[in-house]
Structure formats: C-alpha cells, structure tokens
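1. structure of the sequence below:
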Amino acid sequence: GPWADGGMASGMDAAGQDRMARSGLVPFRPQEGLALFDAARTGEQPLAVPVRFDTAAPAAAGPDAGRSVPAVLRGLLRPAARRTVRDAVPGGGPDALRERLARLSGPERDGALLDLVRTHVAAVLGLGGPREVDRDREFKALGFDSLTSVELRNRLNSATGLRLPATLVFDCPTPVALAARIGTDLAPQASPAPSAMSVFGELDRLEQVLATVGADDELVRSRIRTRLHGVLAAFTDAPAPTPGETSDERLRSATVDDIFALIDQELDGS
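-> Presented below is the predicted three-dimensional model:
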C-alpha cells in the first residue's frame, strides 16, 4: 500500500490522492510499513499484500466510490458496499439505458448520453456532480491520467454494455466527443443489403419450387403467375397486371420458362 511520507505515492497529485482515499486505501506511517515488511519476510505466505484498507470509506464516499476499489480488495468490502459496486450504474444498466434512449428524440438522446458521460467523469474525479464537468474541456485539462482514463472506460463499459478501448479519452478528448462516440456505437446497425449472388440463389430455389406445381392445377398456376408479374412490375417500376388480365390467353399459356425468360430479359435491359 501507499506510504504517508514517501514512496511512489508521494508524487501523486491531489486528484489521485483523493481517488485513493475514496477507494479505501490508507497510507502507512513509516514505522507501520517497516513492521509489515519484516512480517512479510518472516512469514510463510508466498504472496502477501500489506495494505491499510478502510472498508467503510467506499460506502461513505458515495454510491459510486466502491467501483474504484481494486478487484483484489473487493472481497473485503462490507456487503452494502459490495452492492454499490455492482449496482452503481446510472440508468439501471445497459438494457435499461438502451430502452430509455430508444424512446428519445435525436437531441434528447445526445443530451442523455452527455449526462451519462459527465456523471461518470465527475465520479472518477471526485467532483460534486456532472454540472461541474465542462462538456467541451479536454480530459487532460480536467485532470485525467492513465489510471483515471481506464477507470472511466471501465465505468462506461458497465453502463453501456460496450467494449470501449483503453485509449478512449485520447481518441475522444472531450466529454461531448465521447458522448457522440458512445451514441454511434449504441446506434442500431442496419441489416446489410442482400448480395446479387444471394438473390440469384433465391431465384434458383423459387424455380425448383415452381417446377413442383402440377400442370393440371390451373387456379394455383394462375395465382402464381399474377404474383410473379407483380414482383417483376415492382422491380422494374412497370405497371402490374390487373386481376382481369389473368384470363388473358397469353398469360394462361405461359410456362415457368416463359416467366423466367421474361425476368431475364427485363434484367438484361435494366
């Protein structure tokens, strides 16, 4: 754990020290650290983690503070604090967030995502609330370093269900840019358009099915011809035949090969 009067923790800025305190890590006094070092050397445990840990600090610091506790120490948290680690996701988690965003208009959606980002930024930095986070100020100017950047990424992953990169605050240097990135990643993905080969494959299967229709079932064949003409008309922007045209002698005598020859002719001419 950190030492009070020296060591690597002495170079931490005020934001880093505050974050460490909110997570429950209490600095050693030098004599305590030396005593624990001696105990670790003479002990039988192959791996020791000498640390002063205030189990009440995360809960006292607020509902989100427990999320900053190192994973190796979370088993030491009191039950109530462990629940805050699991449940401290504004909006109720990824599913609830997506449902809420789906009911909002474009500008409302953008505002909700910006509020989400600013809320987590404020929690990571130990600020009083999201209003203290300037939407257009760069994260570096807000006081972010590599540790707080990863913590923010982890929080947003839990809140959104996304897998955002560790370089998130460098790729999106301001809260408003980060909110826009999350909005893009959460947007429903359009289904890809079918390829030409898949369309031809479906036409091959259709031809096989049509070949099974009995030649003596004229009523069914007439209805199929009408549907095929309608599909072809919609594809080529040509007028579809009216129901009265189904009795036309040419249509009645048309075979499956005639229908597909007509389709091929229209496709070649388009």
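2. the bottom helix or strand of the protein by mean pLDDT?
-> Least confident helix or strand, the chain: helix 79-87 with a mean of 44, by mean pLDDT, DSSP states H and E.
3. can you give me the helices for the stretch 151-270 of the chain?
-> For the stretch 151-270 of the chain, the helices defined by DSSP state H, counting those that start in this stretch cover 168-171, 175-186, 196-210, 218-236, 249-253, 256-269.
4. for these, which has the smallest mean pLDDT value?
-> The weakest mean pLDDT among the helices of the stretch 151-270 of the chain belongs to helix 249-253, with a mean of 50.
5. low-confidence stretches in the stretch 51-200 of the chain?
-> Of all residues in the stretch 51-200 of the chain, those with pLDDT under 70 make up the ranges 57-92, 189-197.
6. could you redo the last one with a cut-off of 90?
-> The model of the stretch 51-200 of the chain has pLDDT under 90 over residues 51-95, 102, 106, 123-129, 143-148, 150-151, 154-155, 158, 166-167, 187-200.
7. give me the buried positions along stretch 143-161.
-> Neighbour counts over stretch 143-161 (16 or more other Cβ atoms under 10 Å) mark 143-144, 148-156, 158-160 as buried. Glycine gets a C-beta too; all of them are placed from N, C-alpha and C.
8. how does the protein divide into domains?
-> Domains of the chain are assigned by automatic domain parsing as 8-87, 94-186, 196-269.
9. centre of the chain to the second one, how far?
-> By that I understand domain 94-186. Distance of domain 94-186 from its chain centroid, counting by Cα atoms, centre = their mean, to the nearest Å, is 12 Å.
10. that one: end-to-end distance?
-> 10 Å (Cα to Cα, to the nearest Å).
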